[in-house]
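> here you go, sequence then predicted model.
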Amino acid sequence: MSLRTCLFCALLVLTSSLPAQNNAGLFNGTNSRVRVLDAFPANPSANPNAYKITGKNITVEAWIYPLRFPNPHLENPIVKRPVSTTDVDPFSVYALSVTHVNGFPQPAFSISTGAPGSRVQVIAADSIPTFQWTHIAGSYNGTELRIYVNGILQGTIPTTISIGTGATGFYIGRFLSDAFAGLIDDVRLWNVTRSQSEIQTSMNTELTGSESGLAGYWTMNNATGGLVPDQTANHNDLLNLNTQLVSYNPLTSYGSPSFTVSESLLDFGSVEVGSTSASEVTITNTGTAPVIGFFGAADNLNVAAFSGVFFVDQGQTSRATVSVTPSFRAF
């Protein structure tokens, strides 16, 4: 089977001209994540109890920029406190994610006691767009679970359960086979219930890390020694596993994207069904904004084609490997 074309997908949007948050974490949708395990804190000064939030008060916030939604039958995790090392019901004691339970991607927030069947999830009314920054926040006050999108309340569910203890750690971007593909920035974990006005007031500014009730704060601005630092006094630094920190964020104004791709036609030669062939392309950013995207198969190709995600800063050149796997034999 000769495969010669792949659809190139890359897009940038202009954002508001607000103070910069510098970097964000770029998650590839396969093996990227940042995490810490309960039994193995990354920082000797860490206070793991800070992210082990239980009871009836919590708020979780993050900015996200999805590129695609891998494995839509699974939730795409943004922030997750798993119940155990196996991703089984109820999956987590608290989680901020993108769910496809209604057949399209929607922001969601869930809590559980840790017992099977105890999970309660609130889902935002609207679908979440790709290639666009969106602020997501979930909160619980002991009587109601809430989900906010860009500071606007988009869903509520009544419940009075207590959040369980969990037993595994704290994860951003992926736990096991579930994964997020795109950018995640400015992750905030609170042990208090934030009001809508509080969320709206602070979502467009960086915090100091000393705010009352702030249990964890990961700006994604830097990584030292392979660790993404927690900016609070709890020092729950996260181990960076295959996550690229890139200079693109939701609060900076950018110019116009422009780029060239060295190979407009990819020839993968003869590839057997179930086998994989790969080819490299060179992407040159000639614009005044970063280029972010991935390579995927054109609709008329019966193949799985994917390059992983890529980021090319202004004036830079990068190479990406595109892999294809035919799904049936063509003669």
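Everything's here; your move.

> so for stretch 145-156, what's the average pLDDT?
Averaged across stretch 145-156, the pLDDT comes to 98.

> what residues sit buried inside it?
When burial is assessed from 16 or more other CB atoms under 10 Å, stretch 145-156 yields the following buried residues: 145, 146, 147, 148, 149, 151, 154, 155. All C-beta spots, glycine's among them, are computed from the backbone N, C-alpha and C.

> buried residues in stretch 241-258?
Of the residues in stretch 241-258, those buried by neighbour count under the rule 16+ other CB under 10 Å are 243, 244, 245, 246, 248, 249, 250, 251, 252, 254, 257.

> quick one: end-to-end length of it, please.
One end of stretch 241-258 sits 30 Å from the other (CA to CA, to the nearest Å).

> mind checking what helix or strand follows the helix or strand hosting residue 63 in sequence?
Using DSSP states H and E, residue 63 maps to strand 58-68. Reading on from strand 58-68 to the C-terminus, the next helix or strand found by DSSP H and E is strand 76-82.

> and that following strand, which strands flank it?
Its sheet considered, strand 76-82 pairs with strand 92-99 (antiparallel), strand 169-172 (antiparallel) by DSSP bridges.

> format these as a markdown table; extra columns: mean neighbour count and distance to residue 318.
Rendered in a markdown table, the data for those read as follows (neighbours: other CB atoms under 10 Å; distance: least, CB to CB, whole Å):
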| stretch | mean neighbour count | distance to residue 318 |
| --- | --- | --- |
| strand 92-99 | 25 | 27 |
| strand 169-172 | 25 | 24 |
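
> sorry, back to before: now, which of the buried residues of stretch 241-258 lie within strands?
For the buried residues of stretch 241-258, the ones inside strands are 244, 245, 246, with DSSP state E as the criterion.

> and of those residues, the nearest to residue 312?
Of all those, the one sitting nearest residue 312 is residue 246; the distance, using CB to CB, is 9.5 Å.

> bridging across strands, which residues link to the closest one?
Taking DSSP bridges, one finds residue 24 as the beta-bridge partners of residue 246.

> in this structure, which spans are helices?
Ranges of helices in the chain, per DSSP state H, are 196-202.

> low-confidence ranges, this protein, go.
For the chain, applying pLDDT under 70 flags the ranges 1-21, 263-271, 273-274, 296-307, 324-331.

> packing partners of the strand holding residue 63?
In this structure, strand 58-68 makes packing contacts with strand 76-82, strand 92-99, strand 134-140, strand 181-190, strand 291-296, judged by 3 or more CB pairs under 8 Å, 6 or more residues apart in numbering; DSSP states H and E.

> distance to residue 262 for those - can I get that in TSV?
What follows is those, written out as TSV (distance: least, CB to CB, whole Å):
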stretch	distance to residue 262
strand 76-82	31
strand 92-99	33
strand 134-140	32
strand 181-190	24
strand 291-296	13
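
> so how many other residues sit close to residue 136?
26 (other CB atoms under 10 Å).

> comparing the helices and strands packed on strand 58-68, which comes out most buried?
Per-stretch averages of neighbours, counted by mean count of other CB atoms under 10 Å, single out strand 76-82 among the helices and strands packed on strand 58-68, with a mean of 27.

> just the C-alphas of it, formatted as PDB.
The C-alpha coordinates for strand 76-82 follow below in PDB (Å, rounded to 0.1, in the frame of the first residue of the first chain):
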ATOM      1  CA  ASN A  76      -8.900  13.400  29.000                       C
ATOM      2  CA  PRO A  77      -7.500  14.300  32.400                       C
ATOM      3  CA  ILE A  78      -6.400  17.800  33.300                       C
ATOM      4  CA  VAL A  79      -5.900  17.300  37.000                       C
ATOM      5  CA  LYS A  80      -6.500  13.900  38.800                       C
ATOM      6  CA  ARG A  81      -6.200  12.500  42.300                       C
ATOM      7  CA  PRO A  82      -6.600   8.700  41.600                       C
END
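
> any idea how far it is from the chain center?
Put simply, strand 76-82 sits 9 Å off its chain's centre (CA atoms, centre = their mean, to the nearest Å).
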